[in-house]
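Enquirer: Sequence first, predicted model second:
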Amino acid sequence: MLANAFFAFLAIAGLLVGPATADTTSIQPKRAVIQVRGLSCPVCAHRLEKVLVKLPEAKSAKVSLKKGQAVVTFAPTANVTDQQLSQTVRDAGFVPGKIEWRKTTEAENSGKE
């Protein structure tokens, strides 16, 4: 009887069934790739990076003149919208284009891209 109560307690506590598998997709950072027109020099790119990294829960921002795009990495809990991204790019003096959300990989998260 005591053994049954003990096993019931372990099952309820989650200790008997083993560790739960975490959904790693929900804890991965979010990455927005924004097409940007109007980038003409490295100073412009740097200025846009400084503005984008100030967005709520932004972890990093990289702007590529060659590709004409900005890549912003956010915390997994960030709730930034496409409209916020577009407005931020406009406010910095550039023309936002298509915005694409991508999942990040372990190598990207550790800086080994």
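Expert: Yes, it's here.

Enquirer: what stretches of this protein score poorly on pLDDT?
Expert: Residues of the chain that meet the criterion pLDDT under 70 lie in 1-26, 105-113.

Enquirer: what about the strands in it?
Expert: 30-37, 58-64, 69-74, 95-103 (DSSP state E).

Enquirer: now for these, which one comes closest to residue 47?
Expert: Proximity to residue 47 (Cβ to Cβ) singles out strand 58-64 among those, at 8.8 Å. Quick note: C-beta positions are derived from backbone N, CA and C, even for glycine.

Enquirer: so what's residue 60 bridging to?
Expert: Following DSSP bridges, residue 60 is listed with bridge partners residue 73.

Enquirer: wouldn't it be in contact with residue 54 here?
Expert: No. Using Cβ atoms under 8 Å, residue 60 is not in contact with residue 54; the gap is 11.8 Å.

Enquirer: who's more crowded, those two?
Expert: residue 60 (14 against 10; other Cβ atoms under 10 Å).

Enquirer: give the contact list for that one.
Expert: Neighbour list for residue 60: 53, 72-73 [criterion: Cβ atoms under 8 Å, 6 or more residues apart in numbering].

Enquirer: I'd like to know which of the residues you listed is nearest to residue 43.
Expert: Distances from residue 43 to the contacts of residue 60, taken by Cβ to Cβ, are shortest for residue 53, at 16.0 Å.

Enquirer: Spit out the contact partners of that closest one.
Expert: Residues in contact with residue 53 (Cβ under 8 Å, 6+ apart) are 59-61, 72.

Enquirer: got the phi/psi numbers for it?
Expert: For residue 53, the backbone dihedrals (degrees, to the nearest 10) come out as phi -70, psi -10.

Enquirer: next one: the one 4 residues further on
Expert: Here the main-chain torsion angles of residue 57 (degrees, to the nearest 10) amount to phi 60, psi 20.

Enquirer: for the one 10 residues further on, same thing?
Expert: Reported as degrees, to the nearest 10, the phi and psi values for residue 67 are phi -90, psi -20.

Enquirer: Likewise for residue 28?
Expert: phi -80, psi 140.

Enquirer: Excluding covalently adjacent residues, which one is nearest to it?
Expert: Take residue 28 and drop its neighbours on the chain: the residue closest to it by Cβ to Cβ, 6 or more residues apart in numbering is residue 104, 5.4 Å away.
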